[in-house]
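>>> I need the structure of the sequence given here:
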Amino acid sequence: MPLAVQTKMFNAETSKRSFAPVVDVNTCILILGSLPGDASLAQQQYYAHPQNRFWHLLSELISVNLVEQEYLLRLQTLLEHHIGLWDVVAQAKRRGSLDSQIRERDDNDLLSLISTLPRLHTIAFNGATAGKIGLKILGEQQTRYRILHLPSSSPAHTMAYALKLTSWQMLDK
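Numbering: from 1, shown residues only. From the prediction side, this is the model:
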């Protein structure tokens, strides 16, 4: 089924779920989004919308062309660079893909996840909604980590790519 048709299937306000975390015991940096958008849900892949800049930004940071890799190899490459992925929202009702439409949400158990990551030192939020929810989940635990608030890689966040990249380069420091 074409992506446009698949995406339309998710446009009604329906319950949407996040994916499993992509981490291992060597994860040092954890990038947290809010909740996968419709294109990602349709393809069952993190950051699948063709205009989302996530894979482009990370490609520049780790000097590996993730965009050209198959999805599972992308995830493996991130893990090899000690970068993990997850979302702060476990499930919610949402019409479309905008974070502003998230309703009746249940949050992921971020505290349990980070307790299994002994090398974790940086938690980065991909977008303002992820940051707002994530900091509430972390509570006092946030003081144990370097916290980065990154501009959303989503096409809905219209900041110029060069400006996004400048902010995302903080992951590399």
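>>> Name the nearest residue to Gln142, ignoring sequence neighbours.
Leu135 (5.9 Å; Cβ to Cβ, 6 or more residues apart in numbering). Heads up, the C-betas are built off the backbone N, CA and C, glycines and all.
>>> Report the secondary structure element holding that neighbour.
helix 128-138 (DSSP states H and E).
>>> Could you list the residues in contact with that helix?
32-34, 87-89, 99-100, 102, 105, 107-108, 110-111, 123, 125, 142, 145, 147, 149, 152 (Cβ atoms under 8 Å, 6 or more residues apart in numbering).
>>> Of those residues, just the buried ones, PyMOL syntax please.
Filtering the contacts of helix 128-138 down to the buried ones (16 or more other Cβ atoms under 10 Å) takes a single PyMOL command:
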select buried, resi 32+33+34+87+88+89+99+102+105+107+108+110+123+125+145+149+152
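>>> Just the ones of the contacts of helix 128-138 in helices?
When the contacts of helix 128-138 are checked against helices (DSSP state H), the matches are 110-111.
>>> Compute the number of surrounding residues for the nearest residue in space to Ser152 that is not next to it in sequence.
Counting by Cβ to Cβ, 6+ apart, Gly127 is the residue found nearest to Ser152 once chain neighbours are left out, at 3.3 Å. The local packing of Gly127 (other Cβ atoms under 10 Å) involves 21 other residues.
>>> List the contacts of Gly127.
Here Gly127 is in contact with 33-34, 99, 150-154, 157 (Cβ under 8 Å, 6+ apart).
>>> re the thing from before, tell me how many other residues crowd the residue nearest to Gln142.
Residues lying near Leu135 (other Cβ under 10 Å) number 16.
>>> what's the spacing between stretch 143-153 and its chain's center?
A distance of 12 Å separates the centroid of the chain from that of stretch 143-153, by Cα atoms, centre = their mean, to the nearest Å.
>>> Endpoints of that stretch, how far apart?
Its start and end residues considered, stretch 143-153 measures 25 Å (Cα to Cα, to the nearest Å).
>>> Contacts for it next, please.
Outside stretch 143-153, the residues that touch it by Cβ under 8 Å, 6+ apart are 31, 47, 52-54, 57, 114, 120-128, 131, 135, 138, 157, 159, 163-164, 167-168, 170-171.
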